[in-house]
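Asks: Mind folding the following:
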Amino acid sequence: MNTACPKCGAADTQSFAIANKAGTSSGSVAGLGMTADGSIGVGRGFSTQQTEIAKLTQPPANVFWVQEIVFIVLCLVVMLMILIPSLLAGYYVIGIVASLLAGAAAGWFGWQKLSRDTTKARAAYKAALLKWEHSWLCLRCGNTYYVR
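Replies: Numbering: from 1, shown residues only. This next block holds a predicted model:
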C-alpha cells in the first residue's frame, strides 16, 4: 500500500487512527483533603488532552444512544402527564390504563420515526467511519488524503 503524500510526495505520513491515538492522553485523578476546622473533602475528576493533530484526526461521532434516551424520556413524560392528573382526581384505574395506552401509542409512533431516522444516520456514520479509517495525514505539508 502506497501511503506517500500525493501532494508533496513525502513518506512521512500517518493514518488518522494512529495520529489520533498518539496525540490523545486521558487519565483520572482523585484527592482527599482536610480543612483547618477538620472538615474532610473528596475530589475526583477525569481529563482528556489532545494535540492539534489529534483534534484534526478525530473519528466521526457516534451519538445514536442520545436519541434513544431522549425518546424514552419523552414517552415517560407523556405517560406522567396523563397519570398524575388522573391520580390526583381520584381516577386510579382509568389514569393507569390511559397513561399506559398513551405511552404505548407515543412509543410506537416515535419508534417508527426513530428507526427510519437512525437507519439513515447509521449508514452515514458507517460511510464516514470507513473514510476515516482510510484517511492519512502528511506530517510534512499537512495534506489529508484517502488511501484505499
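
Asks: in this structure, which spans are strands?
Replies: In chain order, the chain shows strands spanning 13-15, 24-34, 40-50, 135-138, 144-146, with DSSP state E as the criterion.

Asks: Work out the gap between the first one and the centre of the chain.
Replies: Relative to the chain's own centre, strand 13-15 is displaced by 25 Å; criterion: Cα atoms, centre = their mean, to the nearest Å.

Asks: Check the last one too.
Replies: Averaging C-alpha positions (Cα atoms, centre = their mean) puts strand 144-146 25 Å from its chain's average.

Asks: tell me which residues in stretch 31-39 are buried?
Replies: Neighbour counts using 16 or more other Cβ atoms under 10 Å place no residue of stretch 31-39 among the buried ones. Just so you know, the C-beta spots here come from the backbone N, C-alpha and C atoms, and that holds for glycine as well.

Asks: go on, stretch 90-105?
Replies: Judged by neighbour count (16+ other Cβ under 10 Å), stretch 90-105 contains these buried residues: 95, 99, 102-103.

Asks: Please produce a markdown table containing the residues you listed, extended by distance to residue 74 and pLDDT.
Replies: Shown next, in a markdown table, are the buried residues of stretch 90-105 (distance: Cβ to Cβ, whole Å; pLDDT from 0 to 100):
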| residue | distance to residue 74 | pLDDT |
| --- | --- | --- |
| 95 | 19 | 88 |
| 99 | 14 | 90 |
| 102 | 12 | 89 |
| 103 | 10 | 87 |
